[in-house]
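K.L.:
Return atomic coordinates for the entry below.
(chains A, B, C and D)
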2 protein chains.
Amino acid sequence: MSQLPEQSSPQSSPQPSPRRSEPPAERPRRTAGPPVPTSADVARLAGVSRATVSYVLNNTSAVRISEPTRRKVREAAEELAYVPHAAARSLRAGHTRIVLLPTAHVPVGPLYSRFLDELQWALRRLDYTVVQYGSLGLDGDEAARAWAELRPVAVVSLGEIALTPQGVEILKRSGAKAVITLGPRRVEGAHALVMDQREIGGRAVEHLLERGRRRIGVVMPEEPGLDLFSEPRLAGARAAVTASSTGAHVEPLPLSYTEESAARLAARWDGLGLDAVYAYNDEYAMLLMRALQDAGIAVPGDTAVLGADDLLLGRLLRPRLSTVRIDLVTGQRLAALVDRVVRDPGGEPERHDLMGARAVRREST
Amino acid sequence: MSQLPEQSSPQSSPQPSPRRSEPPAERPRRTAGPPVPTSADVARLAGVSRATVSYVLNNTSAVRISEPTRRKVREAAEELAYVPHAAARSLRAGHTRIVLLPTAHVPVGPLYSRFLDELQWALRRLDYTVVQYGSLGLDGDEAARAWAELRPVAVVSLGEIALTPQGVEILKRSGAKAVITLGPRRVEGAHALVMDQREIGGRAVEHLLERGRRRIGVVMPEEPGLDLFSEPRLAGARAAVTASSTGAHVEPLPLSYTEESAARLAARWDGLGLDAVYAYNDEYAMLLMRALQDAGIAVPGDTAVLGADDLLLGRLLRPRLSTVRIDLVTGQRLAALVDRVVRDPGGEPERHDLMGARAVRREST
DNA sequence: TTGAAAGCGATACCAG
DNA sequence: CTGGTATCGCTTTCAA
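P.N.:
Numbering: from 1, shown residues only, chains lettered A, B, ... in the order given. Just a heads-up that it's a prediction; the model follows:
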């Protein structure tokens, strides 16, 4: 089974007087395949102790190892293609450097993608191991428990999975120094950073009010998972109307991302008596705008259409799509924040505004 | 620094006469915070042994535990919010159920997103732990080593990170049962499934030839990372031209995803003498089509424009965008494949065609 | 400068 | 039916 000579007889090197009962030479734990080299294998090949191997490979500064020894160890490691076992290491260390990012859906949109890329890159530079944990179809506590098994030092929830206060508690008790919500949800039972989606809805409505519109539709995507974003945006829209004391009206408009759904909505548009619509984001806005135009409704003449995300594609339509531009925090800044919280978990849950939003008028409003 | 009483003075308690050198009450391994409960804690609270705890919590069938004991254990676990330590478990077990998906960029496009969601979901149902490992800015072997540290049972590379034959070797020697490339690259040194991007370019050109076009531009995105996809698509386009023996011509057209770049390309369009363009995907196609129209070039009159991915948004432009529809393998099928290879790693590296592509004519060609 | 050995947490043997 | 206990791979004192 094992082809490595030194594995064939574990007790070949005569042990003067084995106090403990000799295990009967059976170790077929690994279902098959060549055995994975361990630091002990490296030590054996290099003719040194495991401790020395560890010192060399980790460049331990507290200890001086002769250069020849170092080379022998490195060469042995190279030859065996030795890769340290992260689980064993972190078990021993008592902690990991894992930053866990739960993901349900891969977040949509180039904005989010870029942000994620930045975040990962910055965290890696801070020597964290970034792990996105696929959590599709797990509910709150179930998910939290699954994440906790990995003993991450930090969890940055992008908001696609509902993180409950109990979930946060589970994570913290499993050793997570930082649990950070980055999304539409309010602060949970613990450390959390808020990316307030309401601001987007607010800016959208303010813009439409400035343009003189008073009966405002707000598109609510029917796709699952998006309500975490769309609900707060609607709330923000409502708040903005109230604050404006213009007596304007906000009307939620369910819409799914298909041409049929858009056409159906457009068909009953006249009956709705709206003079503007904030369409959740640019994609829904483009879809709806086309449907409205096809139904003979003039944009922005009869109805203003406003998106969000400032996609390049929105500029390709005629009229060019007005939008709410979202300035996300840079991944680098968030990474720094994660690092700070990890190093000093004591602080109170802070509320950071990680997002700015402002309307960009083009031609559709 | 630490506010925990037992931490305040490590050597304060006088040591009477310990038989063994008493570890001086110091275990500040965990930098601070409440200690994470272990199965030993659960055992203590429940008044049983750790073994029993393990049996109960894992529903070990080979052993019968009385119902009262079970309840005690469960309650203790609940009370302590006990979560098993994945590292310890897999260390003991000698293997993990981790399927590692390296990610550099979050893949763009709804097609890919849906596919990833499906894959994750299906793998979870097969009881794998899906981990996306952020690998931005790691080169081949470096990345492979980092992945290998987690001892994944399988690695499914979506093709954003260049996986070298050595990388594959490293992974396999670290115990990975299945290493699967799913992308434009050819089969590596090991198990690999091929998603041949050339087919897309091929279908695109065939469609344009059928429509009577002979001088065909092929957009090559200048964005980094995309060349892994665009190069094979171009190769496929060339192959299709050759196979057709129409004497048609293919012209690569560098383009970056900005209006300026598109405008610049459109400005020199007449000089290029092309009567069709396959624009990599729908997004680039939409961008270019608008630029061409703004430059007074008729689509499809003067030039046919073809995208790929069949995005909904392509139908919103006028003329509606023709496209190459890509039928990706379902995540479920790939998950099953992963599972099969994991269970029987012996088989030869297979080459599966995981993708179909066909042109969909709308109005732009 | 190097080596021996104690554990980190969970599991699965083998006695009782 | 339950409880010791050896073990996985690695780091880190402590001794030599």
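K.L.:
Could you use CA atoms for every contact and neighbour count after this?
P.N.:
Noted.
K.L.:
Looks like A:P102 contacts A:G137 (just checking).
P.N.:
No: when contacts are counted by Cα atoms under 8 Å, A:P102 is not listed as touching A:G137 (11.8 Å).
K.L.:
buried residues in the longest helix belonging to chain A?
P.N.:
Ranked by residue count under DSSP state H, the longest helix found in chain A is helix A:227-244. The neighbour-count check on helix A:227-244 (16 or more other Cα atoms under 10 Å in any protein chain shown) flags A:227-241 as buried.
K.L.:
which strands and helices sit next to it?
P.N.:
helix A:198-210, strand A:215-221, strand A:249-255 (3 or more Cα pairs under 8 Å, 6 or more residues apart in numbering or on different chains; DSSP states H and E).
K.L.:
Tell me if the second one is near chain B.
P.N.:
By that I understand strand A:215-221. No: on the criterion Cα under 8 Å from any Cα of the partner chain, strand A:215-221 is out of touch with chain B, staying 15.2 Å away.
K.L.:
What pLDDT is listed against A:Q15?
P.N.:
Among the per-residue scores, A:Q15 holds a pLDDT of 31.
K.L.:
Also A:R145?
P.N.:
pLDDT, A:R145: 94.
K.L.:
wait, doesn't it sit right on A:I170?
P.N.:
Yes: using Cα under 8 Å, A:R145 and A:I170 qualify as a contacting pair, with a distance of 6.8 Å.
K.L.:
ranges for the helices of the stretch 1-150 of chain A?
P.N.:
A:5-8, A:39-46, A:50-57, A:67-80, A:86-93, A:110-125, A:140-148 (DSSP state H, counting those that start in this stretch).
K.L.:
Over to the stretch 251-365 of chain A?
P.N.:
A:259-267, A:269-272, A:282-294, A:331-343.
K.L.:
so where's chain A shaky on pLDDT?
P.N.:
A:1-33, A:105-109, A:159-161, A:183-190, A:347-352 (pLDDT under 70).
K.L.:
ok, 80 please
P.N.:
A:1-34, A:104-112, A:135-137, A:139-140, A:158-162, A:182-195, A:224-225, A:228, A:346-355 (pLDDT under 80).
K.L.:
ok, which residues in it are in contact with DNA strand C?
P.N.:
A:47-52, A:63-66, A:69, A:88, A:91-94 (Cα under 7 Å from any atom of the strand).
K.L.:
Closest to B:A285 out of those?
P.N.:
The closest of the residues of chain A next to DNA strand C to B:A285 turns out to be A:A88 (Cα to Cα; 50.3 Å).
K.L.:
Does the closest one touch B:L91 like I think?
P.N.:
Yes: A:A88 lies in contact with B:L91 (Cα under 8 Å); the separation is 6.3 Å.
K.L.:
Nearest to DNA strand D within the stretch 201-350 of chain A, name that residue for me.
P.N.:
Closest approach between the stretch 201-350 of chain A and DNA strand D, counting by Cα to the nearest atom of the strand: A:R343, at 17.1 Å.
K.L.:
Spatially, which residue comes closest to that residue, not counting chain neighbours?
P.N.:
A:K177 (8.0 Å; Cα to Cα, 6 or more residues apart in numbering or on different chains).
K.L.:
ok, A:E259 - how many residues close by?
P.N.:
18 (other Cα atoms under 10 Å in any protein chain shown).
K.L.:
OK, contacts around it?
P.N.:
A:L287, A:A291 (Cα atoms under 8 Å, 6 or more residues apart in numbering or on different chains).
K.L.:
mind giving me the domain split of chain A?
P.N.:
The record, using automatic domain parsing to delimit domains, assigns chain A the ranges A:39-84, A:98-194+A:329-354, A:197-328.
K.L.:
Need those domains in TSV (columns: distance to B:Y128).
P.N.:
Putting the domains of chain A into TSV (distance: least, Cα to Cα, whole Å) gives the following:
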stretch	distance to B:Y128
domain A:39-84	22
domain A:98-194+A:329-354	10
domain A:197-328	23
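K.L.:
Of all these, which one is nearest B:L287?
P.N.:
The nearest among the domains of chain A, by Cα to Cα, is domain A:197-328 at 6.8 Å.
K.L.:
and that closest one, how far from the chain's centre?
P.N.:
27 Å (Cα atoms, centre = their mean, to the nearest Å).
K.L.:
what about that domain, start to end distance?
P.N.:
11 Å (Cα to Cα, to the nearest Å).
K.L.:
May I ask you to confirm that A:G201 is in contact with A:F229?
P.N.:
No: A:G201 lies out of contact with A:F229 (Cα under 8 Å); the separation is 10.0 Å.
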